[in-house]
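Trainee: Need coordinates for the below:
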Amino acid sequence: MDRRRMTAIGVVVAALGLTAAVTLPSFAGDSAAPGTGVPAGVKATGGVAPEVVDAMSRDLRLSRDQAVRRLTAERQAASALNRLRTSLGADYGGAWLSADGSTLTVAVADPAQAAKVKAAGAVPKQVRRAVSELDTVKSRLDSVGRTATPEIAGWYVDVATNSVVVLAQPGAEARARRWATNSGASADAVRVATSREQPRPLFDLVGGEPFFINNSGRCSIGFSVVGGFVTAGHCGPVGARTTGFNRAQQGTFAASSFPGDDWAFVRTNNQWTPQGVVTDFNGGVVPVNGSTEAPVGASICRSGSTTGARCGVVQAKNATVNYPEGTVTGLTRTNVCAEPGDSGGSWISGDQAQGVTSGGSGNCAVGGVTFFQPVNEILQRNNLTLVTAGNAQQPAQPQAPATTPAAAPAPSPTTGGTACAGTVRRSGTLTAGRAQAQPDGRFYVAQAGAQSACLEATGNGQLLLELQRFTGGAFRTVARAATVDGGAKLTIDGAAGAYRYRITALSGSAAYTLAFTAN
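Mentor: As a prediction, the model looks like this:
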């Protein structure tokens with residue numbers, strides 16, 4: 001959905017070594033302030049939790065002193081930016097920090113406003129479009145997001161280049177440009193960039209302590225709120241039941257939104273006490289003392305049970321991501337890596353909560369891009385109160401939104417033959433209720449014409465084979481067949497487009513081999 005968020009953002013483009021425009025104040029000594037949640041005897045220079053400093057030192061290649069100084073400068077820059085946004089009004093063009101976090105640049109549509117920016121200690125940059133105009137352009141793209149093919153990874157406002165960037169896979173740039181033009185968006189305000197990203201929701205992901213959905217899927221707690229916790233919407237629908245890391249009964253999804261958004265609220269029972277901290281998966285915790293939004297270019301860290309604590313920088317806000325399941329808008333883009341097992345987890349800048357893990361591209365071996373759903377929107381949309389390190393109370397519970405995701409229609413299987421031949425072959429193993437998408441969790445592009453597939457299964461389970469075509473912003477089933485005597489077969493005369501096969505275990509467990517051919 002289009003939330004028409006005002007974008008106070010940009011991407012990191014400035015080179016290292018720029019003269020600092022935001023003066024670094026002197027900071028406190030090594031002793032942690034009372035009530036910060038830092039264990040006694042552990043130093044946290046400047047009041048910053050040592051776990052955050054250690055993670056920043058590793059991932060941003062900073063010394064501990066540099067990490068603390070950067071956080072100090074970023075806090076001051078965020079404060080200055082809040083004042084400038086108000087004083088610049090309609091002439092505000094966005095803002096971003098330099099790569100080393102020392103310089104805050106603020107774009108203005110009216111050169112007469114440059115003096116205000118300089119007076120605040122930031123660097124002014126004159127641009128053609130105010131950020132409100134860029135948001136309008138992006139809203140036009142969001143309005144037709146359901147027509148974007150999987151070759152388009154997403155789009156976001158890039159205030160540093162005063163444009164809206166559309167990400168297209170290699171070879172699809174011209175098609176992405178036509179799609180953007182057909183939306184009615186101003187052509188000179190849109191920039192198509194080549195990207196190999198293939199964003200997907202990071203199912204079975206944990207950031208913070210793990211929890212389990214319906215005794216099956218695994219996600220993670222984002223942040224504690226009064227009465228429960230927030231996490232990613234793709235982790236579960238309204239009504240799904242959760243158990244904790246110890247498999248004890250925990251709670252129920254009281255609100256969930258995905259796609260469009262990617263947030264959820266889990267209401268917990270009285271056996272669980274929300275705490276205003278995030279685990280660092282190294283025997284310690286990081287205190288959460290608020291949810292002040294960090295600017296683009298700020299350092300940020302993520303906690304997940306698969307890859308632990310990882311850090312990087314905020315690259316852009318109000319980003320739209322075109323997942324296979326549908327478009328999600330209003331996400332924040334980062335260069336922090338993530339892997340399956342990290343979904344729903346906590347994003348924190350210093351001691352300020354930022355969001356919950358949505359999805360990403362890449363992994364922590366080669367690096368990648370990860371998106372998170374901003375936490376303040378989750379709190380506002382659901383009337384929730386963030387639990388901080390000094391606040392563990394539990395007042396009355398909020399009401400869940402009226403809308404509930406619709407249940408999927410029951411399959412109507414048709415049987416087929418068992419002779420398996422095809423130019424592409426993939427294998428896997430499934431248990432009842434689980435599903436896999438092939439090839440390799442992705443999709444393929446086919447020309448108009450005949451397509452055929454067959455499935456061979458061994459074991460005691462019955463499998464359902466579905467061919468799905470990407471249309472209307474999501475993959476929709478165009479043909480299906482259930483296994484009979486260990487085999488199923490599909491043949492269709494299909495339209496050109498992006499396709500994938502989905503194999504679901506209806507009962508029992510089975511190993512399978514899929515073979516298919518497409519024009």
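Trainee: Wait, G239 touches T252, no?
Mentor: Yes - using Cβ atoms under 8 Å, G239 makes contact with T252 at a distance of 6.6 Å. In short, each C-beta sits where N, CA and C put it, glycine included.
Trainee: which of those two has more neighbours?
Mentor: Taking other Cβ atoms under 10 Å, G239 and T252 do not tie; T252 has more neighbours (18 against 13).
Trainee: Quick check: that one is in a helix.
Mentor: No - looking at T252 with DSSP: H, G, I helix; E, B strand; the rest coil, it is strand, so not inside a helix.
Trainee: which residues touch it?
Mentor: Shown in contact with T252 (Cβ atoms under 8 Å, 6 or more residues apart in numbering): 239-242, 266-267.
Trainee: L60: which of those residues is nearest?
Mentor: V266 (32.0 Å; Cβ to Cβ).
Trainee: Within the helices and strands, which one has the closest one?
Mentor: Per DSSP states H and E, V266 falls inside strand 263-268.
Trainee: one step back: got a winner among the contacts of T252 for most neighbours?
Mentor: V266 (29 neighbours).
Trainee: how would you label the nearest residue to V117 once chain neighbours are set aside: helix, strand or coil?
Mentor: Leaving aside its chain neighbours, V117 sits nearest to P124 (3.8 Å; criterion: Cβ to Cβ, 6 or more residues apart in numbering). Following three-state DSSP, we place P124 in the strand state.
Trainee: Is P124 bridged to anything, and to what?
Mentor: For P124, the beta-bridge assignment (DSSP bridges) gives partners V106.
Trainee: quick one: it from I152, how far?
Mentor: Distance, P124 to I152, by Cβ to Cβ, to the nearest Å: 34 Å.
Trainee: quick one: which of those two has more around it?
Mentor: With neighbours defined as other Cβ under 10 Å, P124 and I152 compare such that I152 has more, 25 against 21.
Trainee: do you know how far that one is from G359?
Mentor: I152 sits 15 Å away from G359, taking Cβ to Cβ as the criterion.
Trainee: tell me the domain ranges of the chain?
Mentor: 131-194, 200-382, 424-518 (automatic domain parsing).
Trainee: nearest to L104, of those domains?
Mentor: Minimum separation from L104 across the domains of the chain (Cβ to Cβ) falls at domain 200-382, 7.5 Å.
Trainee: Helices of the stretch 251-400 of the chain, start to end?
Mentor: Counting by DSSP state H, counting those that start in this stretch, the stretch 251-400 of the chain has helices at residues 375-382.
Trainee: pLDDT below threshold where in it?
Mentor: Across the stretch 251-400 of the chain, the ranges flagged by pLDDT under 70 are 281-284, 390-400.
Trainee: rerun at 50
Mentor: Applying pLDDT under 50 to the stretch 251-400 of the chain flags the ranges 392-400.
Trainee: Could you check how far the spatially closest residue to V288 that is not a sequence neighbour is from G208?
Mentor: Using Cβ to Cβ, 6+ apart and skipping the chain neighbours, the partner closest in space to V288 is G276 (4.6 Å). Separation of G276 from G208 (Cβ to Cβ): 12 Å.
Trainee: Then V278?
Mentor: According to Cβ to Cβ, V278 stands 6 Å off from G208.
Trainee: now do G171
Mentor: According to Cβ to Cβ, G171 and G208 sit 39 Å apart.
Trainee: quick one: which of the two has more around it?
Mentor: Neighbours were counted for G171 and for G208 using other Cβ under 10 Å; G208 has more, 31 against 10.
Trainee: wouldn't V336 be in contact with R302 here?
Mentor: Yes - in this structure, V336 is within contact of R302 by Cβ under 8 Å, at 5.2 Å.
Trainee: shared neighbours of the two, anything?
Mentor: In contact with both V336 and R302: 310-311, 370, using Cβ under 8 Å, 6+ apart.
Trainee: of those, closest to P287?
Mentor: Nearest to P287, judged by Cβ to Cβ, of the shared contacts of V336 and R302 is C311 at 16.8 Å.
Trainee: quick one: secondary structure of G89?
Mentor: helix.
Trainee: Could you give the number of residues near it?
Mentor: Residues lying near G89 (other Cβ under 10 Å) number 11.
Trainee: do the same with the one 5 residues further on
Mentor: Other residues within reach of G94, judged by other Cβ under 10 Å, total 32.
Trainee: which residue sits closest to it, ignoring its sequence neighbours?
Mentor: Excluding the flanking residues, the one nearest G94 by Cβ to Cβ, 6+ apart is V159, at 2.6 Å.
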